[in-house]
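**Student:** predicted model and sequence follow; I will ask about them next.
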4 protein chains.
Amino acid sequence: MINVGVLGATGAVGQRFVQLLAAHPWFNLKTLTASERSAGKSYREAVNWRLDVAMPENMGDIVVSKTSVDSVKDLDIVFSALPAELAGILETEIADSGVAVCSNAASHRMDADVPLVIPEVNPDHLGLIDVQRDRGRDGFIVTNPNCSTIVMTMALNPIRKRNFSDIRVATMQAVSGAGFEGIAAMAIYDNVVPYIGSEETKMETETKKIMGHFNGSEIEYSPVQVSASCHRVPVIDGHTMAIWADTDDPAEEIINDFRNYRAPFSNLPTQPDKSVIYLDAVDRPQPRLDRNSGNGMSVSVGRVREGLRFIATGHNTIRGAAGASVLNAELIASRKYL
Amino acid sequence: MINVGVLGATGAVGQRFVQLLAAHPWFNLKTLTASERSAGKSYREAVNWRLDVAMPENMGDIVVSKTSVDSVKDLDIVFSALPAELAGILETEIADSGVAVCSNAASHRMDADVPLVIPEVNPDHLGLIDVQRDRGRDGFIVTNPNCSTIVMTMALNPIRKRNFSDIRVATMQAVSGAGFEGIAAMAIYDNVVPYIGSEETKMETETKKIMGHFNGSEIEYSPVQVSASCHRVPVIDGHTMAIWADTDDPAEEIINDFRNYRAPFSNLPTQPDKSVIYLDAVDRPQPRLDRNSGNGMSVSVGRVREGLRFIATGHNTIRGAAGASVLNAELIASRKYL
Amino acid sequence: MINVGVLGATGAVGQRFVQLLAAHPWFNLKTLTASERSAGKSYREAVNWRLDVAMPENMGDIVVSKTSVDSVKDLDIVFSALPAELAGILETEIADSGVAVCSNAASHRMDADVPLVIPEVNPDHLGLIDVQRDRGRDGFIVTNPNCSTIVMTMALNPIRKRNFSDIRVATMQAVSGAGFEGIAAMAIYDNVVPYIGSEETKMETETKKIMGHFNGSEIEYSPVQVSASCHRVPVIDGHTMAIWADTDDPAEEIINDFRNYRAPFSNLPTQPDKSVIYLDAVDRPQPRLDRNSGNGMSVSVGRVREGLRFIATGHNTIRGAAGASVLNAELIASRKYL
Amino acid sequence: MINVGVLGATGAVGQRFVQLLAAHPWFNLKTLTASERSAGKSYREAVNWRLDVAMPENMGDIVVSKTSVDSVKDLDIVFSALPAELAGILETEIADSGVAVCSNAASHRMDADVPLVIPEVNPDHLGLIDVQRDRGRDGFIVTNPNCSTIVMTMALNPIRKRNFSDIRVATMQAVSGAGFEGIAAMAIYDNVVPYIGSEETKMETETKKIMGHFNGSEIEYSPVQVSASCHRVPVIDGHTMAIWADTDDPAEEIINDFRNYRAPFSNLPTQPDKSVIYLDAVDRPQPRLDRNSGNGMSVSVGRVREGLRFIATGHNTIRGAAGASVLNAELIASRKYL
């Protein structure tokens, strides 16, 4: 078993990490960290568990550590659900100290030698781990993209051979993306908020890196242009998005691409049967009905129309956050980077 | 006073007509029609009033008539909130019988000699009334566009001189657009439904007519291309949309267009002070906060970004339906078409 | 294996039956019935699956039968999710023909010789099966109570020895209780509807039967008086209720009753570890967080205050409907009534 | 004109005060106070206006003062929307300095010589103003009850002659009651929270004072017992409650009480035509449809059933907060207490 821990284990993404790792076949979750206030308490006491699945019983007794390099120095992998303002320095120190960091934080995503990886999309970018090591780092950092970027790039992956270069995307994003306390009920109920801080920039820049080419030493960014308009809607979990891509290929061919798509490997425990699910019904995908497909790890697509226009939905705190990091860790472990 | 009536006065749009006309300074609302089942009852008994403003007291005592040509033959104007399957033939017969029909129904919107009008956008299209009369019709039909099309074309109106020809629009539409019973709570709560029957086609075709040129005898359609993706979200009233238009003009100029825009006339009672309101705040417009601006008759825009991308919101059953027809009727009356 | 079927398998409760029975260790689900329109189609084609868990793959290929006595005559048990207007006669005919009927319909709940059973509350009422057989019936009917009644009587069960006789209950019920199409979004969003047809009467009368005494030949109704006020709230799944019972026993004792309560048996597959879960947190139970406890089969209680006042929550379409019938069938099977 | 100000003018209740006072026929709103951070800014700059009616234009230019005794010393009346932790001392100091304080804060509601008034229910309690003056205070404090208490006691007022002494009430309260930021969307969407801090105690104690007897020098508390269970539901505005009162009088008589009820005076500008509206429809009152009745100042009741059980709804931030204080001030002004 590989010993792992979660940094920032009491927040919205932290709780998802605990849910996904509590009974993991490869990873032994033994360390949960949080702020000073929670340190020394049992996880059961420290956390205000707010997922709609029960807290795994065996996790409740773990004594929470203070978030620090020392707390995780004996682990093989730490998963980071830290806020960006803490993640920057701390993840660097932890990686330098010899631990593998799989981070959901934005801090290092665009660092030149840090892989920004979705296993099904750009697994070869893990080669940057060697670049980090070559400059003398004992551990390494691997990041996953922002939640919306993950759903979009996974949905585009089966049709990448169509060679589009101009993407427009309008997102309808769930409130859980802002954390448990991030959005007031008065702000979003019976409402749409057409602004999510820095989300559009993330979609536009991260996509160029993810779809870029790893030449053995660095990522050559993709020329793809993304123009995003990001909106918050009254949905608990599940980001939905309308995507336009510049191909005139007939919708029927695109649908076949989606139907015939298979992930390039199938040996990772958190990987769903189908990474991308094509739905025939004229009114799908829908976040409430499709977010939990593949245990929250599948992205569902549908409504392919000439243009090219289509719709994609994925679970933002599972596929788009904690599950993304866990799947990255599984890919890392399976490729002997530990 | 001009005598008017409402066809289909008990439904969602019909109730909005009654709300807007009950105390109208020019129009005397004297006839309310509904199905056989309601005919002969007082409006108070016949209607299940479900707006969040009280039913105007003076309307409650009107005895509801059966929807028919005879019921409205003595009126100057009838407003039609009929479903499309009834509106087609009946509106034709009523117009032929000498009454002016201001219709919210889709049936005649694309008829060659029927104006599809938004007063602030294409008032000259009312010239088609003469075309109808020239072929011997005693009355006439004037229609307003579909709710989403109204919000979009009004929002684009202040910047039409920018000469865009390629529009992408992703809508986030309110449930009231489907009528009181149109969408089940189980279908839309905590959800997004990425499909609204024939809505995308309406936005794409109606816009070409509205933005077209009236050459004195017919409308020459605009070459503008609209690619729409329409979605239902859990919002009671107010359609919000992300719009892309193909101009590289700087956002600052576009914002000035919006700020400096004034409607071409200001003498109509239902017309708001500002037809298009530009909002500075980074997170506006929002349907719950902005749908009632200008008594529901203003369209609010904001988040202008290079691209060109921006957001528009408008009240779908007031500006986008009943209020649109009433404003058309006011324009007709002010221009002596009656 | 015991061969079973579901009557009315395409509706909201019918889909829950299919979810719960698809991989049941004792029951082999082989027959799904629906209206004429669906008969002959595969279940995959016939159903508009709308649960937020995927349709069990092995169910999709079952060819749907027309709801009739013939369609189920070879089964051991049929589960009925029929609407009341169909259930009355059809369930009688099926029971007469020799099949065991476990029904969620209201039609026969108050019949003198039909058990109205919650396994943890009044398992001995199954003795009425013998009464049915003694009058010559080959099969039998067993019913479960209305969803609200189940949650309330289960919550009261651990404290029945407190000998209360006067119950007041205010319910806050989920929209799924009215079926997929039962409640329009415009009716319930941002709203409370303080009326659910015949729900209050069901809570008041069914409770007297459930808490009644089976004397070997009939049920002597309990003198307990229930005064219910039933309200629909904007919640997808999970009925919550404020309950007052007339005991002056200290809250601490009542809490101990809840904490120490154990179901009278623990050998049924669908039975949760804890039928009634006591929650310490001051703001629990809550439907979104607690409805899925025990796979939707546990009732959660909390906020015990002098008075006696407390709160209960349970999943209305699992514990309160399909799961209730399945658990009844398991009790029947385990007690050799088949 | 009477010069007035609002303490805490930028919050949820503060904005309602500004909405109600901007065009008041008796009161000249000239001072708006807020925290240090806002002082010196125009109200337009200082406030994040979040009501769904536009900010009154004439208010935007008022320069916000720091909340202090000095800022309001030249006013006749100040309305307090301060949080309880600030209101306690500051309201005392302001009243001592000679200004009339109409407060929505809880701090002084239960003070022996402070009136806790609803004009239609206990206007004579204003006599306590003289008690305050007799002990040498130059100004005075008058409070209105908590929002839920107002709705309940107004609803009970038409039937007080029925001499009930035992009230049970289950509330379903709107999120606006907790302020704009008080409740996270993740906490209440698709959910019910069966706990609102100290709300039940307020309903139980304030009611005894409001329904008490003013004997010329103090309030003799009513013996009425209230047992409340308070719940938050996903509703923006409007508290709904199920009320039980111990009378066996027939429902028909109770309904007549409600129908025939008239407020004891009708000369106050903010007073609605009907303080209590009885609704016949079986499924009313409902918060979304009835909260705005009487401009948000009416309480709607319905579903009167033997027991006695009935339902009441009222707007929590208008009738239950800002409007309550304004109406109190109007009563004070009309009775020459200034």
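**Tutor:** That came through, no problem.
**Student:** can I get stretch A:207-214 as CSV, trimmed to CA atoms?
**Tutor:** C-alpha atoms of stretch A:207-214 as CSV (Å, rounded to 0.1, in the frame of the first residue of the first chain):
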residue,chain,number,x,y,z
THR,A,207,-6.5,24.5,-22.1
LYS,A,208,-3.5,25.7,-24.2
LYS,A,209,-1.2,23.9,-21.8
ILE,A,210,-3.3,20.7,-21.5
MET,A,211,-3.7,20.4,-25.3
GLY,A,212,0.0,21.4,-25.8
HIS,A,213,2.8,19.1,-26.9
PHE,A,214,5.4,17.7,-24.5
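**Student:** list of residues touching it?
**Tutor:** The contact list for stretch A:207-214, computed with Cβ atoms under 8 Å, 6 or more residues apart in numbering or on different chains, reads A:109-110, A:116-118, A:121-122, A:124-125, A:127-128, A:145, A:149, A:152-153, A:160, A:167, A:219-224, A:226. For the C-beta atoms, the positions are set from N, CA and C on the backbone; glycine is no exception.
**Student:** mind listing the helices for chain A?
**Tutor:** Per DSSP state H, chain A carries helices over the ranges A:12-21, A:43-46, A:84-96, A:128-134, A:147-156, A:185-188, A:199-210, A:251-260, A:287-290, A:323-334.
**Student:** just checking, residue A:297 touches residue A:318?
**Tutor:** Yes - contact criterion Cβ atoms under 8 Å: residue A:297 and residue A:318 qualify, at 6.3 Å.
**Student:** report pLDDT for the residue in chain A that chain C sits nearest to.
**Tutor:** Closest residue of chain A to chain C, Cβ to the nearest Cβ: residue A:190 (5.1 Å). Note for residue A:190: predicted pLDDT of 98.
**Student:** low pLDDT regions in chain A?
**Tutor:** For chain A, no stretch is flagged by pLDDT under 70.
**Student:** how is it partitioned into domains?
**Tutor:** A:2-145+A:321-334, A:147-315 (automatic domain parsing).
**Student:** columns mean neighbour count on top of those, output as CSV?
**Tutor:** Output for the domains of chain A, formatted as CSV (neighbours: other Cβ atoms under 10 Å in any protein chain shown):
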stretch, mean neighbour count
domain A:2-145+A:321-334, 20
domain A:147-315, 21
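**Student:** between those domains, which gets nearest to residue D:278?
**Tutor:** Distance to residue D:278, taken as Cβ to Cβ, is lowest for domain A:147-315 among those, at 27.9 Å.
**Student:** phi, psi of residue A:122?
**Tutor:** Residue A:122 adopts backbone torsions of phi -140, psi 60, taken as degrees, to the nearest 10.
**Student:** if I look at it, how far off is residue A:200?
**Tutor:** Between residue A:122 and residue A:200 the distance is 21 Å, computed by Cβ to Cβ, to the nearest Å.
**Student:** return the residues in contact with residue A:116.
**Tutor:** A:109-110, A:122, A:125, A:143-145, A:206, A:209-210.
**Student:** how about those residues, which pair is most distant?
**Tutor:** Pairwise distances across the contacts of residue A:116 (Cβ to Cβ) peak at 14.4 Å, for the pair A:110 and A:122.
**Student:** tell me which residues form a beta bridge with residue A:310?
**Tutor:** residue A:243 (DSSP bridges).
**Student:** that one touches residue A:300, doesn't it?
**Tutor:** No - between residue A:310 and residue A:300 there is no contact under Cβ under 8 Å: 10.8 Å.
**Student:** which residues does the closest residue to chain B within chain A contact?
**Tutor:** For chain A, the residue closest to chain B is residue A:170, as judged by Cβ to the nearest Cβ, at 3.3 Å. Remark: with contacts taken as Cβ under 8 Å, 6+ apart, residue A:170 is in contact with A:228-231, A:241-242, B:170, B:229, B:242.
**Student:** ok, now how distant is the closest residue to residue A:291 other than its chain neighbours from chain D?
**Tutor:** Counting by Cβ to Cβ, 6 or more residues apart in numbering or on different chains, residue A:291 lies nearest to residue A:238, which is 3.4 Å off, once chain neighbours are set aside. From residue A:238 over to chain D the distance is 13 Å, taken as Cβ to the nearest Cβ, to the nearest Å.
**Student:** contacting residues for residue A:238?
**Tutor:** A:174, A:287-288, A:290-291, A:313-316.
**Student:** between those, which is nearest residue A:254?
**Tutor:** residue A:313 (17.0 Å).
**Student:** please verify my assumption that that closest one contacts residue A:290.
**Tutor:** Yes - applying Cβ under 8 Å as the test, residue A:313 and residue A:290 come out as touching, 5.1 Å apart.
**Student:** what is in contact with the two at once?
**Tutor:** A:238, A:300.
**Student:** bridging residues for the residue of chain A closest to chain B?
**Tutor:** residue A:229, residue A:242.
**Student:** any idea how far residue C:34 is from it?
**Tutor:** 38 Å.
**Student:** can you check residue A:39 too?
**Tutor:** Distance from residue A:39 to residue C:34, by Cβ to Cβ: 57 Å.
**Student:** go on, residue A:31?
**Tutor:** Residue A:31 is 52 Å from residue C:34, by Cβ to Cβ.
**Student:** how about the closest residue to residue A:306 other than its chain neighbours, what does it touch?
**Tutor:** Nearest residue to residue A:306, sequence neighbours excluded (Cβ to Cβ, 6+ apart): residue A:251, at 5.3 Å. Shown in contact with residue A:251 (Cβ under 8 Å, 6+ apart): A:304-306, A:308.
**Student:** and what of residue A:183?
**Tutor:** By Cβ under 8 Å, 6+ apart, the neighbours of residue A:183 are A:175, A:193, A:232, D:184-186.
**Student:** looking at these, spot the one nearest residue A:77.
**Tutor:** residue D:186 (28.3 Å).
**Student:** hang on, the closest one packs against residue A:180?
**Tutor:** Yes - under the criterion of Cβ under 8 Å, residue D:186 makes contact with residue A:180 at 4.9 Å.
**Student:** can I assume residue A:277 is in contact with residue A:292?
**Tutor:** No - taking Cβ under 8 Å as the definition, residue A:277 is not a contact partner of residue A:292, at 11.6 Å.
**Student:** among the contacts of stretch A:207-214, which lie within strands?
**Tutor:** Among those, DSSP state E puts A:167, A:219-220, A:226 in strands.
**Student:** closest to chain D out of those residues?
**Tutor:** Looking across these and measuring by Cβ to the nearest Cβ, the closest to chain D is residue A:226, at 27.4 Å.
**Student:** my guess is that closest one contacts residue A:167. True?
**Tutor:** Yes - between residue A:226 and residue A:167 there is a contact under Cβ under 8 Å: 4.5 Å.
**Student:** who touches both of these two?
**Tutor:** Here residue A:226 and residue A:167 have A:152, A:207 as joint contacts, going by Cβ under 8 Å, 6+ apart.
**Student:** what does chain A put close to chain B?
**Tutor:** Within chain A, the residues that sit near chain B (Cβ under 8 Å from any Cβ of the partner chain) are A:168, A:170, A:172, A:189-195, A:200, A:227, A:229, A:231, A:233-236, A:240, A:242, A:244, A:282-289, A:302-303, A:305, A:307, A:309, A:311, A:313.
**Student:** is stretch A:312-324 in proximity to chain C?
**Tutor:** No - judged by Cβ under 8 Å from any Cβ, stretch A:312-324 stays clear of chain C, getting no closer than 11.2 Å.
**Student:** next one: that stretch to chain centre, how far?
**Tutor:** 6 Å (Cα atoms, centre = their mean, to the nearest Å).
**Student:** mind putting the domains of chain A into JSON lines with distance to residue C:103?
**Tutor:** Below are the domains of chain A laid out as JSON lines (distance: least, Cβ to Cβ, whole Å):
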{"stretch": "domain A:2-145+A:321-334", "distance to residue C:103": "30"}
{"stretch": "domain A:147-315", "distance to residue C:103": "28"}
